[in-house]
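A.B. asks: From the sequence below, what's the structure:
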Amino acid sequence: MFSMKYMAVIQLMLNKMISSTITRHIALFAVIVINLSFVSNTYANEINTLKVIKTIYLIRHAEKEKGHSNNPDLTEKGRSRANNLAEMLKNKNIEIIYSTQYARTMQTASPLAKELGLTIQNYDPRKLKEFSESLIAKQGNILIVGHSNTTPTLVQLLGGNAGDKINESEYNRVYKLIINETEVVTELLRSSSL
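C.D. replies: Presented below is the predicted three-dimensional model:
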């Protein structure tokens with residue numbers, strides 16, 4: 001059949017083929033591992049970049065009584081909305097609640113404050129720029145109850161997107177500002193009065 005000389009040549013060629021195939025596979029494996037580690041590091045860096053520092057919820061007060069009073073109370077529907085807001089936000093780790101000193105905003109904030117055992121802190125709606133700067137410096141999740149004309153302005157001052165103006169008959173808009181080290185992400189939620 002084959003002479004020993006030919007067998008040795010064939011064996012040598014097979015060894016080189018096997019050796020180069022193994023080398024190629026090892027090199028391919030190394031390239032895959034390096035690429036996967038790069039992807040993993042990039043993904044980890046993106047997650048760290050998106051680490052949430054705090055979340056701020058901003059709402060307009062619930063439905064108010066009609067009339068000539070400058071400081072109206074909430075209607076029955078408004079009280080129901082305030083209770084539903086408390087239910088909606090009670091598990092959001094809110095540590096601070098702010099409201100203007102008007103009855104309708106305080107009554108909107110009260111059910112959640114009671115649920116969480118927090119004291120409502122007041123802010124001046126005529127000093128929104130100063131208030132926004134103090135909010136940025138605070139730690140923890142926050143709820144702010146304001147008015148149709150002040151809430152969108154405050155959203156903008158905090159770096160969020162307020163969208164359209166709040167209509168006088170609109171009470172269900174809930175802004176959720178997710179603040180991380182590099183950006184503010186705005187989510188628009190809706191509350192219920194039922």
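
A.B. asks: would you list every one of the strands in the chain?
C.D. replies: Defined through DSSP state E, the strands belonging to the chain, from first to last, are 52-60, 94-99, 120-122, 141-146, 173-180, 184-190.

A.B. asks: buried residues in stretch 185-194?
C.D. replies: Of the residues in stretch 185-194, 186, 191, 193 count as buried by neighbour count, 16 or more other C-beta atoms under 10 Å. Every residue, glycine included, has its C-beta placed from N, CA and C.

A.B. asks: Point out the least confident member of those residues, please.
C.D. replies: Scanning the buried residues of stretch 185-194 for pLDDT, the smallest score is found at residue 193, 85.

A.B. asks: Residues in a beta bridge with the most centrally placed residue in the chain, which ones?
C.D. replies: With the centre of the chain defined as its mean C-alpha position, the nearest residue by C-alpha atoms, centre = their mean is residue 178, 3.0 Å away. Each beta-bridge partner of residue 178 is listed here: residue 55, residue 185, as defined by DSSP bridges.

A.B. asks: what's stretch 165-172 in contact with?
C.D. replies: Outside stretch 165-172, the residues that touch it by C-beta atoms under 8 Å, 6 or more residues apart in numbering are 60-63, 78, 81, 148-149, 151-152, 173, 190-193.

A.B. asks: Stretch 77-90 now?
C.D. replies: Identification of contacts with stretch 77-90 by C-beta under 8 Å, 6+ apart yields 57, 59, 61-64, 74, 104, 107-112, 114-116, 143, 171-172, 174, 189, 191-194.

A.B. asks: low pLDDT regions in this protein?
C.D. replies: The model of the chain has pLDDT under 70 over residues 1-50.

A.B. asks: and residue 98, how many neighbours does it have?
C.D. replies: By other C-beta atoms under 10 Å, the residues close to residue 98 number 22.

A.B. asks: can you check residue 164 too?
C.D. replies: The local packing count at residue 164 equals 8, with neighbours defined by other C-beta under 10 Å.

A.B. asks: got a list of what it touches?
C.D. replies: The contact partners of residue 164, taken as C-beta under 8 Å, 6+ apart, number zero.
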